[in-house]
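Chemist: I would like to see how this sequence folds:
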Amino acid sequence: MDTAWSAETRGRIEQALEKAFAALPSTEVAQAARYAVQGGGHRWRGLLAVAAGRIFDPEADVHAVPLAAALEMMHAATLVLDDLPSMDNAALRRGKPCVHLVFPRSVVDLLAVFLVNLAYGVVADHPQVSEGCRVRVVALLGEMGSRLARGQELDLTLARAPVSEAALLECDALKSGSLFAAALAGGGLLCGAGPSDAAALREAGLKLGQAYQILDDVADGPEEDSEYKAAGRFTAYSLFGPEGARARAARLLEEVSRILDRFGPASARLRGVLDEILPPSAPQAESPAVSCRETASEPGSTPHLPM
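Modeler: All right, here's what the predicted structure looks like:
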C-alpha cells in the first residue's frame, strides 16, 4: 500500500470539498453541510473512486477527484439520517455532537437532500471529462442513492421480523455496499471504463460493502450487539458469532479479489487502498482497521471500523 499517495489524494478531496462549499451562499443549511462533511472521516469512498479510475486513466488523480468529493457528501448525508432520533438516535459522530443536536430541525430536515443534490452537481459540472461519462456517473449515483434509502428502511424492518442470513446480507449490500459500488464503478465510468468493466467493479463494491459491515459488527463487539438485541435488531455478530462473521467476510473479500483479477497489474493501486481499509494482517478478532459506516471512534464509545 502507498500511504503517501492516499494522504495526497485525501488532500485533493478536501480541497474539492472546500471549493464546492465556498461557492455556496452563506445559509444555515450550507453551514450544516460543512459541519457534517468536513472535519473528520477517512475518505475511503473517495480514495476508492480515484484508485478505481486509475485502472483506466493515468490522470484519474485529477479526473476522479470531483466524484470522490461527491461520494463523501453522499456518505455524510447517510450519516446524518442514520443518526436521527427516528433511526439510531446517536449523540456523537466523528468525535463531535451529531448534526441534529447542533442545528435547528428545519435545517436538518433539508440537509440530506441538499447534500445529495450538491453531490450530483459537483459531478455534472466537472469540465475535464466527457459529458457522456458524467451523465452515466450521475445516473449511477441516483440509483445508489435509492438503494441506500431501501437499505435504511430494510434495516428498520428487520427489527420487526426474524432475521435470516440472506436478509442481513441484502441489507448490508444496500446500506453499506451501495456507496462502495458507486465509488468503484463510478470511478471507472468517469475514467473511461466500458459497461462490462463497470459492472464488475459494481459487483466488487457491493461485496466489499458487505464484508466491511460484517467486520464493523464484529468490531462493535458483544456490548453494542446487546444494545441492538434489546432494540429487537440483529447484527452479523449475533447472527453468525464473531468467528463465523469473520469467515463470511473473508470469503466476500476473496470474491472481491477474484473480480479485480480481470484488471491485472492496473488494479494495484485499488488493491492497496483495500489493504488500507481492511489490512490483511490486522488482528480482526480485536478490532479491524475499517468500518462500513463512516463513523470514527469517539471517546467513550465502542470502536467502529474506521470509515
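
Chemist: Quick one: mean pLDDT over the helix ranked longest in the chain.
Modeler: Ranked by residue count, the top helix of the chain under DSSP state H comes out as helix 195-230. Helix 195-230 carries an average pLDDT of 86.

Chemist: Please identify the buried residues of that helix?
Modeler: 197-198, 200-220, 224-225, 228 (16 or more other CB atoms under 10 Å). Any C-beta I mention is one placed from the backbone N, CA and C, and that applies to glycine too.

Chemist: And stretch 129-137, by the same measure?
Modeler: 129, 133-134, 136-137.

Chemist: Helices of the stretch 151-300 of the chain, start to end?
Modeler: Counting by DSSP state H, counting those that start in this stretch, the stretch 151-300 of the chain has helices at residues 165-172, 178-190, 195-230, 236-240, 242-260, 268-277.

Chemist: Now do the phi/psi pair for Asn97.
Modeler: Careful, residue 97 is Pro and not Asn. phi -60, psi 140 (degrees, to the nearest 10).

Chemist: what residues are up against the residue nearest to it when sequence neighbours are not counted?
Modeler: Leaving out its chain neighbours, the residue that sits closest to Pro97 by CB to CB, 6 or more residues apart in numbering is Ala91, at 6.8 Å. Residues near Ala91 by CB atoms under 8 Å, 6 or more residues apart in numbering: 97-98, 101.

Chemist: Reformat those residues as CSV; add distance to Arg246, pLDDT and neighbour count.
Modeler: Listed next are those as CSV, based on distance: CB to CB, whole Å; pLDDT from 0 to 100; neighbours: other CB atoms under 10 Å:
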residue, distance to Arg246, pLDDT, neighbour count
Pro97, 33, 95, 14
Cys98, 30, 95, 23
Leu101, 34, 96, 14
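
Chemist: Which of the residues you listed sits closest to Leu156?
Modeler: Cys98 (18.0 Å; CB to CB).

Chemist: how far away is the closest one from Gly46?
Modeler: Separation of Cys98 from Gly46 (CB to CB, to the nearest Å) stands at 22 Å.

Chemist: do the same with Asp155
Modeler: Here the criterion is CB to CB. By it, Asp155 lies 24 Å from Gly46.

Chemist: Those two: which is more packed in?
Modeler: Higher neighbour count among Asp155 and Gly46: Gly46, with 29 against 18, using other CB atoms under 10 Å.

Chemist: Cross-check the contact I'm expecting between the more buried one and Met74.
Modeler: No. Gly46 lies out of contact with Met74 (CB atoms under 8 Å); the separation is 10.5 Å.

Chemist: Could you find the closest non-adjacent residue to Phe21?
Modeler: Arg34 (5.3 Å).

Chemist: Quick one, which of the helices of the stretch 151-300 of the chain gets closest to Leu84.
Modeler: helix 195-230 (16.9 Å).

Chemist: could you give the angle of the closest one to helix 165-172?
Modeler: On the basis of axes from the mean of the first three to the mean of the last three CA atoms, to 10 degrees, helix 195-230 is oriented at 110 degrees to helix 165-172.

Chemist: Touching the host helix or strand of Val29 from outside, list them.
Modeler: Assigned by DSSP states H and E, Val29 belongs to helix 28-37. Helix 28-37 has contacts (CB under 8 Å, 6+ apart) with 17, 21, 24, 72-73, 76-77, 79-80, 99, 102-104, 107-108, 110-111, 114-115, 118.

Chemist: how about a cut-off of 6 Å?
Modeler: 21, 24, 73, 76, 80, 99, 103, 107, 110-111, 114-115 (CB atoms under 6 Å, 6 or more residues apart in numbering).

Chemist: quick one: which of those has the most company?
Modeler: Per-residue neighbour counts (other CB under 10 Å) across those peak at Ala76, which has 28 neighbours.

Chemist: Since that was my last question, I'll sign off now.
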